[in-house]
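In: Attaching a predicted model along with its sequence, questions to come.
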Amino acid sequence: MSKPPAKSRTAKSGGLIRSSAIFAALTLVSRIMGLARDLVITARLGASQTIAADAYYTALAFPNLFRRIFAEGAFAAAFVPGYSRKLAAEGEAEADRYAADALATVAAATVALCIACQLAMPWLMYLINPGFADDPAKFKLAVILTQITMPYLPCMAIAALFSGVLNAHGRFIISGFYPTILNVVMLAVVIPQKDPIQAAYAASWGVIVAGIGQAALCWWGARRSGGRIRLVRPKLTPEMKAMIRLAVPAAIANSATQINIFISGILASQVDGLRVWMNVADRLYQLPMSLVGVAIGVALLPRLSAALQKDDHGDAQTAMDQGLVWALALSLPAAAALMAMPFYLIDGFFTRAEFVRADAVATGQLLFHYGWGVPAFVLLRILQPAFFARQDTRTPMRFSLISVGVNIALGVALFYTVGFWGIAAATSIAAWITVIQMWVTLGRRGVYRPSATALFKIGRVAAASLILGGLLVVAVHYRSLLEAPIAAAGLPAKEVGVLLLSAVGLGLYPVLLFAFGGVTPAEAKALLRRRKGDPAPPADLL
């Protein structure tokens with residue numbers, strides 16, 4: 001088969017980046033709302049000073065583990081390629097039938113898992129948080145709140161399926177927007193609360209309300225896109241068995257980082273407030289991971305699947321190169337900023353009311369060590385589709401199991417030798433090991449090696465990020481000079497100071513990036529410019 005002309009591949013590349021940009025912009029809105037949510041929750045629930053915060057974040061973490069596994073790649077890796085093939089080859093009716101069977105299967109499995117976990121939660125809590133056993137009040141509260149939040153799991157599994165239908169139709173608006181519902185609901189139910197315990201109960205019930213709303217929105221969006229997916233009885237058809245065979249290893253592969261974080265939580269239960277510190281650090285370092293890695297990964301998998309089906313290796317190479325460069329162009333400066341001013345970020349945003357300065361110091365230590373793992377967390381999202389698009393979910397699964405083993409061993413060793421921040425360091429090391437394994441394997445198989453142009457650009461991106469990090473370190477060292485005129489003007493010094501410094505960093509980085517040649521202004525403009533022949537965004541979902 002002859003290769004399409006370069007212009008055609010360029011147009012497709014523009015489509016990939018624009019699809020990612022749409023998804024990333026909506027993810028950014030969701031993450032900003034999530035930051036606002038956590039600001040309110042930490043102020044109401046505190047961290048090391050109350051039992052409410054540790055119990056609530058346990059209740060949120062358990063179903064969230066499965067949410068991230070299902071909603072952020074693994075289910076899509078098994079469902080979207082099969083649905084897309086049926087949509088293209090057999091038409092809408094057959095694709096809808098396939099989706100209906102998949103909906104019944106995933107709903108039945110997650111509802112059964114939800115009920116089993118709720119019934120077993122008093123015993124599971126000894127496994128999830130063994131350190132809570134020393135505080136009966138905290139232990140009991142964590143059990144009750146986790147039982148309340150568990151139905152969020154089937155809601156998110158259902159939302160993930162309908163989101164996959166939308167992605168297969170090339171519509172990313174709702175997929176990027178629906179997480180915002182959780183943040184809006186949480187703010188609405190927590191802001192009126194004054195007592196930490198009551199705020200924890202309100203937040204937990206708010207999770208369920210939000211989950212139902214998210215699933216409903218994705219169903220509505222899929223229906224508007226043309227999908228007519230009926231409710232049917234679960235049937236283990238050959239197609240569903242094949243999907244499960246792909247989904248299970250893909251889920252394990254896709255969830256390595258999340259499993260590592262969850263295992264870290266077991267150690268965290270031994271230190272009052274550590275679960276909260278980890279969650280606050282997670283909020284900041286997960287931003288580039290979700291904004292960049294998931295956004296590009298969601299757009300990259302369908303693009304690679306289509307290119308490989310057409311045997312268009314040139315388009316596949318271009319897609320991987322472009323995804324890699326843009327991922328690092330956005331994640332490396334984020335890592336530099338997180339490592340340059342971790343305490344300043346936490347103190348400026350979170351230190352107030354029940355969340356005290358000691359909590360900010362501890363959280364800043366975690367954030368620094370998660371920071372140098374950020375590029376690895378993002379690269380995992382870029383490299384995995386190169387395996388998934390070729391229907392290879394077992395290789396990433398094997399690497400992920402190695403990562404989990406490394407994280408457990410290092411996490412325990414560092415926790416008991418250097419302290420609680422060893423948990424974050426172990427997670428970052430494990431992620432980098434997985435990236436190296438994937439990179440080497442893709443190259444050895446001849447599947448993907450970055451082009452010379454991509455490597456050149458990555459080097460320039462790294463240089464710009466290092467300069468940015470150095471300038472931020474200097475700025476934080478002289479923070480008093482920055483905050484003095486702000487305080488004199490009657491404004492909250494640290495809050496306005498950290499926002500101002502962040503804004504300056506955001507404005508300075510593009511200048512450095514263009515100056516070093518990591519990305520050209522023309523490439524940046526192409527991010528959102530629609531080329532002739534590209535499909536317009538669906539007006540009914542805008």
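Out: On my side now, so go ahead.
In: When you work out contacts or count neighbours from here on, use the C-alpha atoms and nothing else.
Out: Noted.
In: what does stretch 348-355 rub up against?
Out: Stretch 348-355 is touched from outside by 39, 42-49, 357, 359-360, 494-498, with contacts defined as C-alpha atoms under 8 Å, 6 or more residues apart in numbering.
In: So for it, mean pLDDT?
Out: Average pLDDT, stretch 348-355: 81.
In: Likewise for stretch 371-386?
Out: Stretch 371-386 comes out at a mean pLDDT of 86.
In: Just give me how far that stretch sits from the chain centre.
Out: In this view, stretch 371-386 has its centroid 11 Å away from the chain centroid, taken as C-alpha atoms, centre = their mean, to the nearest Å.
In: could I have it exported to CSV, CA atoms only?
Out: Only the C-alpha atoms of stretch 371-386 are listed here, as CSV (Å, rounded to 0.1, in the frame of the first residue of the first chain):
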residue,chain,number,x,y,z
GLY,A,371,7.8,16.2,40.8
TRP,A,372,10.8,14.5,39.2
GLY,A,373,8.5,11.5,38.4
VAL,A,374,6.0,13.7,36.5
PRO,A,375,7.6,13.2,33.0
ALA,A,376,7.6,9.4,33.6
PHE,A,377,4.0,9.4,34.6
VAL,A,378,3.1,11.3,31.4
LEU,A,379,5.4,9.2,29.1
LEU,A,380,3.6,6.1,30.3
ARG,A,381,0.4,7.5,28.7
ILE,A,382,2.2,8.1,25.5
LEU,A,383,4.1,4.8,25.1
GLN,A,384,1.3,2.5,26.2
PRO,A,385,-0.9,3.3,23.1
ALA,A,386,2.0,2.0,20.9
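In: Please flag which of the contacts of stretch 348-355 sit within helices.
Out: Among the contacts of stretch 348-355, the members found in helices (DSSP state H) are 39, 42-45, 357, 359-360, 494-498.
In: now, which of those sits nearest I197?
Out: Among the ones in helices among the contacts of stretch 348-355, L45 lies closest to I197 (C-alpha to C-alpha), at 7.5 Å.
In: residue contacts, that closest one?
Out: 52-53, 195-197, 199-200, 354-355.
In: do that again at 6 Å, thanks
Out: For L45, the contact set (C-alpha atoms under 6 Å, 6 or more residues apart in numbering) comprises 52-53, 196.
In: Among those residues, which one sits closest to S264?
Out: Nearest to S264 among the contacts of L45, counting by C-alpha to C-alpha, is A53 at 16.9 Å.
In: Tell me the confidence at the nearest residue in space to the closest one that is not next to it in sequence?
Out: Nearest non-adjacent residue to A53, counting by C-alpha to C-alpha, 6 or more residues apart in numbering: L45, 5.1 Å away. pLDDT, L45: 84.
In: for A157, same thing?
Out: If you check A157, the pLDDT there is 84.
In: pLDDT weak spots in this structure?
Out: 1-28, 67-77, 170, 172, 250-261, 289-313, 315-316, 389, 523-542 (pLDDT under 70).
In: list the contacts for the residue of it most remote from its centre?
Out: The C-alpha centroid of the chain is most remote from A488, which lies 39.5 Å away (C-alpha atoms, centre = their mean). Counting by C-alpha under 6 Å, 6+ apart, A488 makes contact with nothing.
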